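Undergrad: below: sequence and its predicted model.
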Amino acid sequence: MSSTKVHIVATDKIPSTICDFVADRSKSAIAERGAFYIGVSGGSAAKLLCQGLPAIQGVQWDKWHVYFCDERLVPFDNPESTYTIYKEGLIGKTSLPLEQIYAIKPELSVEDAAKDYADKVSKVPTGDGRDKPTFDLLVLGMGPDGHTCSLFPGHKLLQETSVLVAPISDSPKPPPCRVTLTYPVINAARSAMFVSAGAGKADMLQRVLEGKEEPSLPAARVKLHNGELHWFIDQPAAGKLQAKY
């Protein structure tokens with residue numbers, strides 16, 4: 001069974017808390033299975049991880065395999081390339097091998113880029129009785145409309161049940177062409193985490209965690225089949241939650 005854990009953290013402690021959490025997950029995965037498979041996202045979490053992780057001691061970077069939960073189909077020299085954020089933030093500052101950051105190929109069409117990335121994702125081992133590639137940890141983001149990865153409210157990709165990686169050419173948020181993981185692989189992960197901070201996230205956070213809108217809010221549809229979902233939030237973001245966490 002899956003479980004959801006909400007961690008309310010002081011705003012100034014969020015960077016160190018999430019970096020310590022990711023590092024601890026990597027150490028546990030490597031101790032148990034010899035490698036750490038992580039899917040990462042862009043946005044503020046990317047900057048926090050790239051700033052904080054290199055300073056943590058005892059991380060076996062050579063055992064990390066870094067994939068992307070979604071990616072904009074833009075060249076690597078475009079400032080919106082999530083791959084480039086992690087490449088510049090981790091390569092040379094850690095001992096992570098460049099070839100263990102698995103990039104989406106921006107030179108391909110969006111359909112071909114998704115097929116190529118699905119081949120890469122299919123190399124992630126399955127585990128614990130699962131029949132899908134099983135990430136040890138997915139670092140997810142949530143947009144102001146409740147989207148996560150490049151899965152947007154009302155989009156047909158919310159109903160995808162078999163394809164692991166899908167193209168999207170009509171994203172309501174620019175750029176329109178993106179490649180994204182889908183729920184079959186997202187919900188097969190051993191663990192996943194969201195990070196939300198600030199009062200501006202309070203309304204949507206309450207809807208996702210406590211509302212009855214699961215079919216319409218993509219972030220609320222992240223329900224791991226056999227894993228732990230963690231929300232790291234600060235007090236302003238938690239301001240409208242009704243339950244005690």
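TA: Cool, the structure landed.
Undergrad: what comes into contact with the longest helix anywhere in the chain?
TA: When secondary structure is assigned using DSSP state H, the longest helix within the chain turns out to be helix 14-33. With contacts defined as C-beta atoms under 8 Å, 6 or more residues apart in numbering, helix 14-33 is touched by 7, 9, 35-38, 45, 48-49, 51-53, 56, 58-60, 63-64, 125, 127, 136-137, 139, 190-191, 193, 195, 197, 230, 232, 234. Any C-beta I mention is one placed from the backbone N, CA and C, and that applies to glycine too.
Undergrad: now swap in stretch 161-180 and tell me
TA: In contact with stretch 161-180 (C-beta under 8 Å, 6+ apart) are residues 68-74, 80, 104, 110-111, 113-115, 117-118, 121-122, 132-133, 143, 145, 147, 149-152, 155, 157, 160, 181-185.
Undergrad: from these, list the buried ones, please.
TA: By neighbour count, with 16 or more other C-beta atoms under 10 Å, the contacts of stretch 161-180 hold 68-74, 104, 110, 113-115, 117-118, 121, 132-133, 143, 147, 149-152, 155, 157, 160, 181-185 as buried.
Undergrad: strands along the protein, start to end?
TA: With strands called from DSSP state E, the chain shows them at 3-8, 36-40, 64-68, 70-72, 137-140, 165-168, 178-181, 191-196, 228-233.
Undergrad: only alpha carbons, please: show the third one as CSV.
TA: The one in question is strand 64-68. Once side chains and other backbone atoms are set aside, the C-alpha atoms of strand 64-68 remain, and they are given as CSV (Å, rounded to 0.1, in the frame of the first residue of the first chain):
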residue,chain,number,x,y,z
TRP,A,64,23.6,7.5,-9.4
HIS,A,65,21.4,7.3,-12.5
VAL,A,66,19.7,10.6,-13.2
TYR,A,67,16.6,10.8,-15.4
PHE,A,68,14.1,13.5,-16.0
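Undergrad: mean confidence (pLDDT) on it, please.
TA: Rounded to a whole number, the mean pLDDT of strand 64-68 is 98.
Undergrad: check which helices and strands that strand sits against.
TA: Other elements packing on strand 64-68 under the criterion 3 or more C-beta pairs under 8 Å, 6 or more residues apart in numbering; DSSP states H and E are strand 36-40, helix 82-90, helix 110-121.
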